[in-house]
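> have a look at this prediction, sequence included:
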There are 2 protein chains.
Amino acid sequence: MLKPVLALAALALAGPSLAQTAAPAPSPADAVDADWRTIPDDELLVMTLRGGHQVFIRLAPRYAPAHVANIRKLAEAHWWDGTSVYRLQDNYVAQWGGGDDKTVLPPTVIANPPAEYEWSRYDGVTTLAKPNSYAAKTGHSADGWPLASDGKSAWLTHCYGMVGVARDMAPSTGSGAELYAVIGHAPRPLDRNIALVGRVVEGIQWLSSLPRGTADLGVYATPPERTPILSVRLASQLPEDERPHFQYRATDNARFAAWLKGRENRTPPFFTVPAGGVDVCNAQAPIRRRPA
Amino acid sequence: MLKPVLALAALALAGPSLAQTAAPAPSPADAVDADWRTIPDDELLVMTLRGGHQVFIRLAPRYAPAHVANIRKLAEAHWWDGTSVYRLQDNYVAQWGGGDDKTVLPPTVIANPPAEYEWSRYDGVTTLAKPNSYAAKTGHSADGWPLASDGKSAWLTHCYGMVGVARDMAPSTGSGAELYAVIGHAPRPLDRNIALVGRVVEGIQWLSSLPRGTADLGVYATPPERTPILSVRLASQLPEDERPHFQYRATDNARFAAWLKGRENRTPPFFTVPAGGVDVCNAQAPIRRRPA
């Protein structure tokens, strides 16, 4: 979701047209075709909002298997159809699900799964140059998830677009029937305190640009302010020729490492002072639609 | 702009009503009246958008005196009236000003001021517990600005809501006629590469919830998509009884230090794993309206 080009708009508006300049020379940071891996159909959630606007979510079954199993069951039961986006808190989260109107879960859904907040092994294949405020070590799994570790355990990080499971006070872990997506500065204090289950890979703007709720915690004050959810489906539930296909960029290769170095040290002519480091949430692994 | 309460919505919806619980006991982290300092009228910009929606921006003349001097002249000349918000890039910036339609500046405005990106002295009075990806040291000035330092120089940080000066390729510094506000994860690689001149203290939602632009860099593809700016004024230009008044929380006291410790280590019952640190952009100094 981050654009690799950070030049600001005066450039696009007053400077020479980008379209008229020659394509840049190939870089060691460029992905090759084999670096793009297609997300399996049963790891992709398609949420359709009022107006037909679609939000596509990659799921993380390897990191939160019990919660993702619940989410699959809820999608298969069409449980979210007719529910809503009922909370929009600026610089924080968009949240959706049954809210207080729909609380009865399908019988196979586990109401309070184990806390899948962290695990014992850091399985990242990249490590960023500098520690950050929340962890000694951050990086990416081979399949593109943002990770952090304190040397003892490891966990997914609350970056922009990441999707988590809303819950009550601990020790509740939430069922997965109420989900949120991060739409502001990464609320990393939530790391290790809540289950992350996925990442919005396209369509976050249909959540991030919604009006902000005015009741406590950004909840909409009245039901008409909510955005209706028409349907939520796994891509695998759709007819084969209607399935969307997304690819993540694999990180276990020298090209991604070179890309990351470039993110740590931005270059002229726009940038003149390189940072020498980058936050994992400013360097999420790229996603694209599978080429036709 | 960050809510001190991070509990997620199931809490607000299904749990006991927050309004029904007793007020929490006083804490050493609570501000006293004297901690709230009123922002001077000539350091507050009032931007009124279509529909009468207002965005209030605190200016930082101490850190970017030449750019803020330009901004004051532009406001006094009513230069922005009739211009627009012409760019909205998701998870990045909202940007406004004349764009390509209005480029002639008032004669007293300096077209390319000196680069006010950093300065020699860290004048922060707080320092956060841990370094982050972009700086060895981060903290707050006594008057509530977020700062970073590498031990040699110091600079304002690109947190959510911070306002900067759009520019062309270096060595352009921008005049201040085109401004942007951060509406996503802090784009800290811009630190020290661009002039920060202020912070949105109220009304950021009128920018952050606008539709996203679909042309390059989030620029709106057609003029009708832009949001008209009705006026931009310094509070000091308004009749005295119409001036809004905001206060920042001073940071040079033990109460703010205690507040910051609390941000570094969130507490039960919602949080069970404290982070032991916080990003400066997750701990911006609070702002409030001056009580009547």
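Looks like it came in fine.
> strands of the stretch 101-250 of chain A, start to end?
Ranges of strands within the stretch 101-250 of chain A are A:137-140, A:146-149, A:154-156, A:162-165, A:179-182, A:196-202, A:227-234, A:246-249, based on DSSP state E, counting those that start in this stretch.
> next, format the ones you listed as a markdown table and append mean pLDDT and mean neighbour count.
All C-beta atoms are positioned from the backbone trio N, CA, C, and that covers glycine. Output for these, formatted as a markdown table (pLDDT from 0 to 100; neighbours: other C-beta atoms under 10 Å in any protein chain shown):
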| stretch | mean pLDDT | mean neighbour count |
| --- | --- | --- |
| strand A:137-140 | 97 | 23 |
| strand A:146-149 | 97 | 23 |
| strand A:154-156 | 97 | 25 |
| strand A:162-165 | 98 | 27 |
| strand A:179-182 | 98 | 27 |
| strand A:196-202 | 98 | 25 |
| strand A:227-234 | 98 | 18 |
| strand A:246-249 | 98 | 20 |
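> out of these, which comes closest to chain B?
Closest approach to chain B among these is made by strand A:179-182 (6.6 Å; C-beta to the nearest C-beta).
> now the strands of the stretch 101-250 of chain A in CSV, with distance to B:Ala111?
Formatted as CSV, the strands of the stretch 101-250 of chain A follow (distance: least, C-beta to C-beta, whole Å):
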stretch, distance to B:Ala111
strand A:137-140, 41
strand A:146-149, 41
strand A:154-156, 47
strand A:162-165, 42
strand A:179-182, 39
strand A:196-202, 40
strand A:227-234, 44
strand A:246-249, 41
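> how about those strands, which one is nearest A:Gln54?
strand A:196-202 (7.8 Å; C-beta to C-beta).
> mind checking which of the strands of the stretch 101-250 of chain A is nearest A:Asp279?
Smallest distance to A:Asp279 across the strands of the stretch 101-250 of chain A (C-beta to C-beta): 7.8 Å, for strand A:137-140.
> packing partners for the closest one?
Helices and strands touching strand A:137-140, by 3 or more C-beta pairs under 8 Å, 6 or more residues apart in numbering or on different chains; DSSP states H and E, are strand A:146-149.
> quick one: strands adjacent to the strand it packs on?
Sheet pairing for strand A:146-149, assigned by DSSP bridges, gives strand A:137-140 (antiparallel), strand A:154-156 (antiparallel).
> show residues contacting that strand.
Strand A:146-149 has contacts (C-beta atoms under 8 Å, 6 or more residues apart in numbering or on different chains) with A:122-124, A:134-141, A:154-157, A:159, A:162, A:191, A:280-281, A:284-285.
> let's have the strands paired with strand A:146-149 in TSV, adding distance to B:Val46.
Formatted as TSV, the strands paired with strand A:146-149 follow (distance: least, C-beta to C-beta, whole Å):
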stretch	distance to B:Val46
strand A:137-140	40
strand A:154-156	41
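> out of the ones you listed, nearest to B:Ala66?
Using C-beta to C-beta, the nearest of the strands paired with strand A:146-149 to B:Ala66 is strand A:137-140, at 37.2 Å.
> give me the contacts around that closest one.
A:122, A:124-128, A:131-132, A:146-151, A:157, A:251, A:256, A:279-280, A:285, B:133.
> please pick the buried ones from the residues you listed.
Buried members of the contacts of strand A:137-140, counted by 16 or more other C-beta atoms under 10 Å in any protein chain shown: A:122, A:124-128, A:131-132, A:146-150, A:157, A:251, A:256, A:279-280, A:285, B:133.
> any idea of the pLDDT on the closest residue to A:Leu238 other than its chain neighbours?
Excluding its sequence neighbours, the residue lying closest to A:Leu238 (C-beta to C-beta, 6 or more residues apart in numbering or on different chains) is A:Val46, at 7.1 Å. Here the pLDDT value assigned to A:Val46 is 98.
> contact partners for A:Asp35?
Contacts of A:Asp35 by C-beta under 8 Å, 6+ apart are A:Arg249, A:Ala250, A:Asn253, A:Arg255, A:Phe256.
> give me the beta-bridge partners of the spatially most central residue of chain A?
For chain A, A:Arg199 is the residue whose C-alpha lies nearest the centre (C-alpha atoms, centre = their mean; 2.3 Å). Taking DSSP bridges as the rule, A:Arg199 bridges to A:Arg58, A:Met162.
> quick check, it in contact with A:Phe56.
No. Here A:Arg199 lies out of contact with A:Phe56, judged by C-beta atoms under 8 Å, at a distance of 9.7 Å.
> re the thing from before, can I get the contacts of A:Asp35 in a markdown table with distance to A:Arg167?
As requested, these are exported to a markdown table (distance: C-beta to C-beta, whole Å):
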| residue | distance to A:Arg167 |
| --- | --- |
| A:Arg249 | 31 |
| A:Ala250 | 32 |
| A:Asn253 | 37 |
| A:Arg255 | 39 |
| A:Phe256 | 33 |
